[in-house]
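**Student:** Predicted structure and sequence below. I'll ask about it afterward.
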Amino acid sequence: MSPTIKIEVETQYLEGRIPDEEQKFAFAYKVTIINQDKQQVRLLNRYWLITDGNGKKNEVRGPGVVGEQPLIEAGKSFQYTSGAILDTPVGTMEGYYEMEDEAGKTFKARINVFSLSVPNLVN
C-alpha cells in the first residue's frame, strides 16, 4: 500500500505582474505536501495539466519542484510556491507528484483539480 500523502493548494492572482498589452494572467500557487505516513518519502517528479478558460491544455512535467527533490519525513510537510501564466482570467490545474517510499517503490500522489481565477470577475 502506498504511503498517505495529503496535498493542499492555495492560489493567488498576481495583479499587475504582466503588462496589460500582453493580455495574460499570472497566478501564484502555494502547495503544502503533508506526509501522513509512518515512513519518509521523496518527491521525484511532478506532472501538471493546466487548462485555461478556452479549454487550451498545457502539460508540464519534470524532476522535483522548484529545483528540489525534497525528502519529507514521516508526519512532516514540505511547502513551496510557484506560478502559472494563463491566456484567460480563469483556468484549472491538476496533476500528481511521483514519490518514492523507503523501500524504493514509486507511487503517485494525486493533486486534485483546483481553480485559478481573477477575483471579482463576475459582478
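**Tutor:** Thanks, I have the structure now.
**Student:** which stretches of this structure form strands?
**Tutor:** 5-13, 25-35, 41-52, 57-63, 71-72, 77-86, 90-100, 106-117 (DSSP state E).
**Student:** could you give the angle of the third one to strand 57-63?
**Tutor:** I take that to be strand 41-52. With axes from the mean of the first three to the mean of the last three CA atoms, to 10 degrees as the basis, strand 41-52 and strand 57-63 are set at 160 degrees to each other.
**Student:** starting at the chain centroid, how far to strand 41-52?
**Tutor:** 6 Å (CA atoms, centre = their mean, to the nearest Å).
**Student:** Give me the most central residue, this protein.
**Tutor:** With distances taken as CA atoms, centre = their mean, Val31 lies nearest the centre of the chain, 5.9 Å away.
**Student:** quick one: low-confidence parts of the chain?
**Tutor:** 17, 20-21, 122-123 (pLDDT under 70).
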